[in-house]
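Trainee: when you get a sec, could you give me coordinates for this:
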Amino acid sequence: MRARPEEELEGIDVMRAVTRPLSEVAEPSFLVRQAGGDAYDSVTGVMPGDGRVKSHGHPIRVVVGTEQVTEQVTG
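Mentor: Down below sits the predicted model:
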């Protein structure tokens, strides 16, 4: 996923801006980390014992920038 903030963000404000929309799809286990530069990796899922649903997870990468998006991500 690519994100283009409408305002200039720095430091922890970038992490907060990335985490906010990801929290909308978060499951019981949720982690966001800065992977390097403008890339942030997130995993969300259900760990064994978290509930009645079989354990599983979903990786999500967010790249923050102001450049025009020219690629399409499928999957």
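Trainee: what pairs with the residue nearest to R33 when sequence neighbours are not counted across the strands?
Mentor: In this structure, R33 finds its nearest non-sequential neighbour in D41, 5.6 Å apart by C-beta to C-beta, 6 or more residues apart in numbering. Any C-beta I mention is one placed from the backbone N, CA and C, and that applies to glycine too. Taking DSSP bridges as the rule, D41 bridges to R33, R61.
Trainee: also R2?
Mentor: The residues that R2 bridges to, once DSSP bridges is applied, are V63.
Trainee: roughly how far does it sit from S42?
Mentor: 14 Å (C-beta to C-beta, to the nearest Å).
Trainee: which neighbours do the two share?
Mentor: Counting by C-beta atoms under 8 Å, 6 or more residues apart in numbering, the contacts common to R2 and S42 are V62.
Trainee: give me the more crowded residue out of the two.
Mentor: When R2 and S42 are compared for neighbours, S42 comes out ahead with 21 against 15, by other C-beta atoms under 10 Å.
Trainee: which ones are touching that one?
Mentor: 18, 22, 30-33, 59-62.
Trainee: quick check: most distant residue from the centroid of this structure.
Mentor: Distance from the centre of the chain peaks at R52, with 24.8 Å (C-alpha atoms, centre = their mean).
Trainee: now do the SS call for that one.
Mentor: Recorded secondary structure, R52: coil (DSSP: H, G, I helix; E, B strand; the rest coil).
Trainee: repeat that for D13.
Mentor: D13 - assigned by three-state DSSP - is helix.
Trainee: measure it to H58 for me?
Mentor: For D13, the distance to H58 (C-beta to C-beta) stands at 25 Å.
Trainee: with S42 instead?
Mentor: Remark: distance between S42 and H58 (C-beta to C-beta) = 8 Å.
Trainee: equivalent analysis for D41, please.
Mentor: As judged by C-beta to C-beta, D41 and H58 stand 12 Å apart.
Trainee: quick one: mean pLDDT over stretch 29-39.
Mentor: The pLDDT scores in stretch 29-39 average 92.
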